[in-house]
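J.: can't give you the sequence, but here's the structure:
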């Protein structure tokens with residue numbers, strides 16, 4: 001795996017490590033019970049620094065470190081490749097953006113509809129003008145994760161999708177059963 005130096009100077013690997021919950025340079029996602037079951041594109045999001053440590057806006061004035069509010073990561077988007085991770089200036093800018101966003105969100109009230117975990121991630125990406133774009137927001141990030149996010153593993157894929165499939169499958173069966181009478 002590609003190695004680079006994190007903000008604290010220690011060597012780190014670019015490799016994803018689900019066993020240790022390490023996702024360097026990633027946006028991470030996990031389902032929110034009940035809400036994701038009804039709306040599979042809605043979930044909880046965090047952002048990881050160059051060492052893979054996850055930061056997430058978990059509630060009012062609270063950014064958790066190394067523990068997603070609703071469980072283990074099930075999907076991720078790694079935003080740096082080996083060349084970007086080898087560029088110390090870009091690594092430092094990434095870590096600084098994650099740090100500043102996290103500090104800012106410890107001063108904010110959480111609101112499910114407009115200032116939430118997706119906003120925290122968007123704040124970090126906007127600070128970087130990631131990919132030349134400065135309007136990262138809840139809708140853009142949720143859509144990107146839903147269509148491009150990689151599942152960590154098959155069991156975690158099932159933990160994300162199965163409740164929705166069961167709910168909508170049961171609903172469809174109930175509709176079919178009642179429509180025949």
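T.: Noted; the coordinates are in hand. Everything quoted here is computed from the prediction, not taken from an experiment.

J.: quick one: buried residues of the longest helix seen in the chain?
T.: Scanning the chain for the longest helix, with DSSP state H as the assignment, gives helix 154-179. For helix 154-179, burial by neighbour count (16 or more other C-beta atoms under 10 Å) applies to 156, 159-161, 163-164. From N, CA and C alone the C-beta is placed, and that goes for glycine too.

J.: spatially speaking, which residue is in the middle of this protein?
T.: When C-alpha atoms, centre = their mean is applied to the chain, the residue found nearest the centroid is residue 28 (2.4 Å).

J.: for the longest helix of the chain, packing partners?
T.: For helix 154-179, the packing partners by 3 or more C-beta pairs under 8 Å, 6 or more residues apart in numbering; DSSP states H and E come out as strand 26-31, helix 35-38.

J.: after the shortest one comes which helix or strand?
T.: Spelled out, it's helix 35-38. strand 43-48 (DSSP states H and E).

J.: Residue 120: which of the helices and strands packed on helix 154-179 is closest?
T.: Nearest to residue 120 among those is strand 26-31; the distance by C-beta to C-beta comes to 10.5 Å.

J.: one step back: can I get the helices and strands packed on helix 154-179 in TSV with distance to residue 141 and mean pLDDT?
T.: Output for those, formatted as TSV (distance: least, C-beta to C-beta, whole Å; pLDDT from 0 to 100):
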stretch	distance to residue 141	mean pLDDT
strand 26-31	7	97
helix 35-38	15	92
